[in-house]
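Q: Quick one: sequence plus predicted model below, questions after.
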Amino acid sequence: MPLTFARKAAGTAALAAVLVSLSASPGFCAWYDSLDPTQWFAEKYKPEVQPDIPADKLYSDGLANLEDRNFEIATQKFEDLDKRYSSSDWSRKALLMTAYSNYEGQKYDDAINASKRYLQRHPATKDAAYAQYLMAMSQYKQIPDVTRDQDRSEKALVALTELVQKYPTSEYAADAKAKIQITRDQLAGKEMEVGRFYLERRNFPAAINRFRDVVSRYQTTRHAEEALERLTEAYMALGITGEAQTAAAVLGHNYPDSQWYKDAFALLQNGGLEPREEKSSWLSKIYRGVIGRTAAAE
């Protein structure tokens, strides 16, 4: 029994000696540290130290790249300026120029996002009107041809209208008004295309709904006179002669020299009718309202 105990004691002492010897080894220390669970997922990295670049240097670099049409690099410079000097007026300037460089680089959705951020942060500044203009123009530039979905046209119309309403005296208001008319014409053209499609297939109620939308919402566009003639056609096909006569009468009153009026007049004559306005017609009410608003504006 004493011998067995002595042997065990000797073995323990030997193991302790080995451990002491190993603990002095750097390799053992690294291995032992690896057994620490707190170190298993620790990320080993060196902190990146960014040089302190003056704000005016970043801004000048952005402008230089804009001038050289390096729009992507210019955007990066302005975004970097915004991040580094977020609590200064440099940030405001950088955000506006980020929107502009994206617009010039035809990255219109990025320009829209940057413009929106500017308007959220700085709605009362002198450059807010320009930010709104950049946002509106970025929508406007993406208007597709009339055969495609006109969601962009709707968004452009909203943004342009907001520009005119919020900043009526700004230098961008006149251009916005001109583009509003073009955008409305585009939207009316889409409605006309769909209306003609239904008319050709003799789906007269669906066609009437489309042409009605044109004369209700887009009376001042070039499509209004055709829409009135098409309404005359569709109502005559359905035997709703009173509305057909009213459509032709409104057409003749507003566009007396139009070929569309001549076509509508001939169509009524073939049916033994003539243009005659019914005061109770929705058409008559719409155009009386338009005439009243126009007179008030003058």
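A: Noted; the coordinates are in hand.

Q: my guess is residue 255 contacts residue 226, does it?
A: No: under the criterion of C-beta atoms under 8 Å, residue 255 is not in contact with residue 226, lying 9.8 Å apart. C-beta: built from backbone N, CA, C; applies to glycine.

Q: Between these two, which is the more surrounded one?
A: Between residue 255 and residue 226, residue 226 has the larger neighbour count (other C-beta atoms under 10 Å), namely 21 against 17.

Q: Against which helices or strands is the one helix or strand residue 60 maps to packed?
A: Taking DSSP states H and E as the definition, residue 60 sits inside helix 55-67. With contacts defined as 3 or more C-beta pairs under 8 Å, 6 or more residues apart in numbering; DSSP states H and E, helix 55-67 has these neighbours: helix 71-84, helix 89-104.

Q: And it, what's buried?
A: Using 16 or more other C-beta atoms under 10 Å as the test for burial, helix 55-67 gives 55, 58, 59, 61, 62, 65, 66.

Q: go on, stretch 120-128?
A: Going by neighbour count (16+ other C-beta under 10 Å), the buried part of stretch 120-128 is 122, 127, 128.

Q: now the end-to-end length of that stretch.
A: Start-to-end span of stretch 120-128 (C-alpha to C-alpha, to the nearest Å) is 10 Å.

Q: Return the distance of it from the chain's centre.
A: Distance of stretch 120-128 from its chain centroid, counting by C-alpha atoms, centre = their mean, to the nearest Å, is 19 Å.

Q: who's in contact with it?
A: 92, 95, 96, 118, 119, 131, 167 (C-beta atoms under 8 Å, 6 or more residues apart in numbering).

Q: The first one: what's it in contact with?
A: Contacts for residue 92 (C-beta under 8 Å, 6+ apart) come out as 118, 121, 122, 125, 127.

Q: The last one and residue 141, how far apart?
A: Counting by C-beta to C-beta, to the nearest Å, the gap between residue 127 and residue 141 amounts to 20 Å.

Q: quick one: least confident helix or strand in this structure?
A: Sorting the helices and strands of the chain by mean pLDDT, DSSP states H and E puts helix 2-23 at the bottom, at a mean of 48.

Q: With adjacent residues omitted, what lies nearest to residue 224?
A: Excluding the flanking residues, the one nearest residue 224 by C-beta to C-beta, 6 or more residues apart in numbering is residue 215, at 5.8 Å.

Q: That neighbour: what's it in contact with?
A: 224, 227, 228, 231, 283, 286, 287.

Q: Mark which of those are part of helices, please.
A: Among the contacts of residue 215, DSSP state H puts 224, 227, 228, 231, 283, 286, 287 in helices.

Q: Contact partners for the first one?
A: Residue 224 makes contact with 188, 214, 215, 218, 254 under the criterion C-beta under 8 Å, 6+ apart.

Q: Please report the distance of the first one from residue 286.
A: Spatial separation of residue 188 from residue 286 under the definition C-beta to C-beta is 14 Å.

Q: What of residue 98?
A: From residue 98 across to residue 286, the span is 44 Å (C-beta to C-beta).

Q: okay, stretch 274-289 in PDB with CA atoms only?
A: Provided in PDB are the C-alpha atoms of stretch 274-289 (Å, rounded to 0.1, in the frame of the first residue of the first chain):
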ATOM      1  CA  GLU A 274     -76.900  67.200 -85.100                       C
ATOM      2  CA  PRO A 275     -74.700  68.500 -82.300                       C
ATOM      3  CA  ARG A 276     -76.800  69.600 -79.400                       C
ATOM      4  CA  GLU A 277     -75.700  70.200 -75.800                       C
ATOM      5  CA  GLU A 278     -77.700  68.700 -73.000                       C
ATOM      6  CA  LYS A 279     -77.000  70.800 -69.900                       C
ATOM      7  CA  SER A 280     -77.500  67.900 -67.600                       C
ATOM      8  CA  SER A 281     -74.800  65.800 -69.300                       C
ATOM      9  CA  TRP A 282     -71.500  65.100 -67.400                       C
ATOM     10  CA  LEU A 283     -69.700  66.500 -70.400                       C
ATOM     11  CA  SER A 284     -71.400  69.800 -70.300                       C
ATOM     12  CA  LYS A 285     -70.700  70.100 -66.500                       C
ATOM     13  CA  ILE A 286     -67.000  69.400 -67.000                       C
ATOM     14  CA  TYR A 287     -66.500  71.900 -69.700                       C
ATOM     15  CA  ARG A 288     -68.500  74.600 -68.100                       C
ATOM     16  CA  GLY A 289     -66.200  74.100 -65.100                       C
END
